[in-house]
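Visitor: Prediction below, plus the sequence it came from.
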Amino acid sequence: MTKGEQTKDHILERSAALFNRFGYNATSFGDIMADTGLEKGGIYNHFASKEALMLEAFEYAVERLNGRYSAALEGERDAVGRLNAVLAVFEATITDPPIRGGCPLLNAATESDDALPTLRSRVRRAINGWLTTIVGIVERGQLEGQLKRDVDASSTASVIFSALEGAVMLSRLYRDPAHIRSVVAFLKTYLQSLKQTAQS
């Protein structure tokens, strides 16, 4: 990695945490300069504008999150096992977030609803990727006879993702992991109900 690449990675790492903790609108260029130890020109050497930095920082945060999911799913072949791995990663983000400030998807989705349409588009793309991943796990499980044929893959993905993100929000708001633990326990029971049996 060249010195320029190291500098850019340093800016992304520090600014991703700032945006995730304090918000994309609230974080100023001055905050980024103070946290990175760089002057404005040094940052502009790598990013054309604050918006460009904001979007790349979000992608950086998503890559960090996705890396955890990829590691958790590796080696899991059973559909319920793969889905349980997703639950475990979500649960771990409460005590060990991939980026300081909690789930970058939840934080960015909340802030970008109307104020930041470009960011909103990136958030939707990232979430669509995860919904598609869960749908794929369910559909593969059905094809391999692991999950019931009448399970609606899209609805299942929506329920799982929405329940987990809601639980993350409550756990962060109340600073109490009991919310994510309760939802994960509920979803584990739900996933067991989707399993194919000899009679189904």
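Guide: Sure thing, it's come through. Numbers count the residues shown, from 1 in each chain.
Visitor: Report the central residue of the chain.
Guide: Centroid-nearest residue in the chain, with Cα atoms, centre = their mean: residue 105, separated by 4.7 Å.
Visitor: Can you list the buried residues in the top helix by length along the chain?
Guide: For the chain, the helix that runs over the most residues, judged by DSSP state H, is helix 117-143. The neighbour-count check on helix 117-143 (16 or more other Cβ atoms under 10 Å) flags 119-120, 122-123, 126-127, 130-131, 133-135, 137-139, 141-142 as buried. Heads up, the C-betas are built off the backbone N, CA and C, glycines and all.
Visitor: swap in stretch 180-199?
Guide: 180, 183-184, 187, 191, 194, 196.
Visitor: thinking again about what came up before, state the mean pLDDT of the host helix or strand of the residue nearest to the centre of the chain.
Guide: Using DSSP states H and E, residue 105 sits within helix 104-111. Taken as a whole, helix 104-111 has a mean pLDDT of 91.
Visitor: Just the C-alpha atoms of that helix, please, in PDB.
Guide: C-alpha atoms of helix 104-111 as PDB (Å, rounded to 0.1, in the frame of the first residue of the first chain):
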ATOM      1  CA  PRO A 104     -23.900   2.000  10.100                       C
ATOM      2  CA  LEU A 105     -26.900   0.800   8.000                       C
ATOM      3  CA  LEU A 106     -29.400   1.800  10.700                       C
ATOM      4  CA  ASN A 107     -27.700   5.100  11.400                       C
ATOM      5  CA  ALA A 108     -27.400   6.200   7.800                       C
ATOM      6  CA  ALA A 109     -30.900   5.000   6.900                       C
ATOM      7  CA  THR A 110     -32.400   7.100   9.700                       C
ATOM      8  CA  GLU A 111     -30.500  10.300   8.800                       C
END
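Visitor: Strands of the protein, start to end?
Guide: Taking DSSP state E to define them, one finds no strands in the chain.
Visitor: So in it, where's the weakest helix or strand by average pLDDT?
Guide: Least confident helix or strand of the chain, by mean pLDDT, DSSP states H and E, is helix 104-111 with a mean of 91.
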